[in-house]
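how would this look folded up:
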Amino acid sequence: MTRSHLRTCLTGVLLMVVGCSQQQWQAADPYGLMEAAYRQPFPVIDLDQPVASKTSDRAASLKARLARRRQARAAAVKTAKRHPWQATGKRTWTYIVIHHSAAEKGNARQFDLAHRKRGWDEMGYHFVITNGHGGSDGAVEVGSRWRKQKWGAHCGGTLNNEYNEHGIGICLVGDFSTALPSSTQRASLQKLVAYLARAYDIPLANIITHRDAPNAKTNCPGGRFHQYVHGPMKRVMAPDLADARRPPRQGVLATQR
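Numbering: from 1, shown residues only. You can find the predicted model right below:
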């Protein structure tokens, strides 16, 4: 058998095998679906890119909702934390008038009852600072007048009732004709006055004692305390209130007595 004859025989056998395989393939996949699938290129996956899934989408959505809830709660807490001396209403305040009770004991409730017995609508002061006899030493009691942003009833006799209409009344419990309020009372007074002066742009010159008001016929809040207010207290407060540039309204004494 020659080489050419042998080559022809081998070729025939190979064609028969290929033909049989193709027939078997076609018999198993008459519509050519498997063949078409095997001919499709394999997909290329980039391992550096995150694979999106419904589970990860839900987790991201839940995380965003929780973050929004935390932000809403934080905003609500911030809004709820009001300063205890912050008023809700609006009123023009020009003066801060400091008084003493001239009695060793007392508090806002007792003053309210006493003032009502005089025929007043309620306690005339806006704030009371107790001395340990009727309330904690240095405690600042907020009167109902302040909560309502209502005119005061603590400094009558001034022209057009100016120092009641636009004056914030603060009363310290005690008689300070010859003594000073306790150190705790003085510290509370300074904090309260500084807060009010900054909040309502009240200049240092308009922080007065009762006896400073025009037509006032009183020694309130006592000679010793009066000197303290216009001396040590104002010297300490002056740097913090230097930006309160509103000029004193007509009626404020240029030189304190």
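
nearest residue to Phe111 in space, please, no chain neighbours.
Met123 (4.9 Å; Cβ to Cβ, 6 or more residues apart in numbering). (Glycine included, C-beta is placed from N, CA and C.)

what mean pLDDT does stretch 208-222 get?
Here stretch 208-222 scores 94 as its mean pLDDT.

quick one: the strands in the protein?
Remark: strands assigned in the chain by DSSP state E are 95-100, 127-129, 140-142, 167-172, 207-209.

which other helices and strands contact the third one?
Here strand 140-142 touches strand 127-129, going by 3 or more Cβ pairs under 8 Å, 6 or more residues apart in numbering; DSSP states H and E.

circling back: dump the strands of the chain to CSV, plus mean neighbour count and distance to Tyr195.
Output for the strands of the chain, formatted as CSV (neighbours: other Cβ atoms under 10 Å; distance: least, Cβ to Cβ, whole Å):
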stretch, mean neighbour count, distance to Tyr195
strand 95-100, 26, 10
strand 127-129, 27, 11
strand 140-142, 19, 10
strand 167-172, 27, 11
strand 207-209, 26, 12
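
out of the ones you listed, which gets nearest to Thr158?
Of all the strands of the chain, the one in closest proximity to Thr158, counting by Cβ to Cβ, is strand 167-172 (8.4 Å).

need the contact partners of the closest one.
With contact meaning Cβ atoms under 8 Å, 6 or more residues apart in numbering, strand 167-172 is reached by 93-101, 111, 124-129, 131, 146, 152-155, 181, 185, 189, 192-193, 196, 200, 213, 221, 225.

that strand to strand 95-100, inter-axis angle?
20 degrees (axes from the mean of the first three to the mean of the last three Cα atoms, to 10 degrees).

what strands flank strand 167-172, and is each parallel or antiparallel?
strand 95-100 (parallel), strand 127-129 (parallel) (DSSP bridges).
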